[in-house]
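Asker: Need coordinates for the below:
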Amino acid sequence: MQKILIANPNAEQRIKLCKNLANDKRLEIIETVDGITTLEKYIDIRPNVLVLDSCLKDINCIEIIDRLSTSIADKRNNNIILTTLKEENLDLSNAAKIYKVIYDKENFDGLYDTINEMYLFGEYEDLTNEDLDLLFWKLKIPLNSNGTNYIREAIFECYYYPDLQKKLKDIFDIIGQRHNKPNSAIRSSFRTALERLNMYRNSIDCPIMQYFDIEENITPKDFLEIVVMYLHQQKGKKK
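Answerer: Numbering: from 1, shown residues only. Now for the predicted structure:
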């Protein structure tokens, strides 16, 4: 369960946000209405996410962020969602601890989506290029081809956003837009990068192979689903 600290003096906004989050049983919601209590509660419970409103009366929100960024470890833990309005013109020069700024205090769906995104990020250890290079090498996938780079990007997208796996077309569209290439070109390069894996799939000695049906060619969809599942198993944080 993840602790979500909501610091907002506006009772109506706070109640609506808490109601919006209440159905997610993964989340424990804690509320504060002023800066001093927010700082004390943050230090006491160490929340996974702080939803910080810009209009706390007793302490400026920027000062709160500064106080919570005094150590390198805290500064690197960018777990603050700041809700504000564009016309407030906040000085966000010390923004390392801010995960996202939302310029609409009543965008409750957007807040929930961001919290859910942060939850998924916290569920698994960080995935690195070195992790993927080692796996690709074991699976005889060439390390430097365009297709492998597209595979790498697709894995990163689905590792942190598992729901994307249900829509392979959307993944190819995302990568295609990034590289200014059509969906079909991304899909074709992806398949080409899997050719050596399919050629040697009966003889590759790697634990992940037990999850593939080696009687059939491994498709991009099957490859992506199984690799992401395997990496989640390998890198899931202990609860």
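
Asker: Identify the residues contacting W137.
Answerer: Residues touching W137, when contacts are defined by Cβ atoms under 8 Å, 6 or more residues apart in numbering, comprise L143. From N, CA and C alone the C-beta is placed, and that goes for glycine too.

Asker: actually E31, sorry about that
Answerer: Taking Cβ under 8 Å, 6+ apart as the test, what E31 contacts is L5, I6, A7, N8, R14, C18.

Asker: Let me see the mean pLDDT of the strand or helix carrying it.
Answerer: Counting by DSSP states H and E, the element that carries E31 is strand 27-32. Averaged across strand 27-32, the pLDDT comes to 94.

Asker: Distance from the following helix or strand past that strand to the middle of the chain?
Answerer: Proceeding N to C from strand 27-32, the next assigned helix or strand is helix 35-45, under DSSP H and E. Going by Cα atoms, centre = their mean, to the nearest Å, the spacing between the C-alpha centre of helix 35-45 and its chain's C-alpha centre is 25 Å.

Asker: re the thing from before, the contacts of E31 in helices, which ones?
Answerer: Judged by DSSP state H, the contacts of E31 include R14, C18 as members of helices.

Asker: Does D126 belong to a helix, a strand or coil?
Answerer: Following DSSP: H, G, I helix; E, B strand; the rest coil, the label given to D126 is coil.

Asker: repeat for I81
Answerer: Classified using three-state DSSP, I81 is strand.

Asker: Now name the helix or strand holding the closest residue to it other than its chain neighbours.
Answerer: Of all residues not flanking I81 in the chain, V51 sits nearest, at 4.9 Å (Cβ to Cβ, 6 or more residues apart in numbering). According to DSSP H and E, V51 maps onto strand 49-53.

Asker: returning to that earlier point: burial of the residue nearest to I81, as a residue count?
Answerer: Summarising burial for V51: neighbours were counted as other Cβ atoms under 10 Å, giving 23.

Asker: Could you give the bridge partners of it?
Answerer: Residues in a beta bridge with V51, per DSSP bridges, are I6, I81.

Asker: gap between it and Y161?
Answerer: V51 sits 21 Å away from Y161 when distances are taken as Cβ to Cβ, to the nearest Å.

Asker: and what of T114?
Answerer: 13 Å.

Asker: Which of the contacts of E31 sits closest to V227?
Answerer: Using Cβ to Cβ, the shortest approach to V227 within the contacts of E31 belongs to L5, at 35.2 Å.

Asker: Now do the contacts for the closest one.
Answerer: Under the criterion of Cβ under 8 Å, 6+ apart, the contact list for L5 reads I30, E31, T32, T38, K41, Y42, I45, P47, V49, L50, V51.
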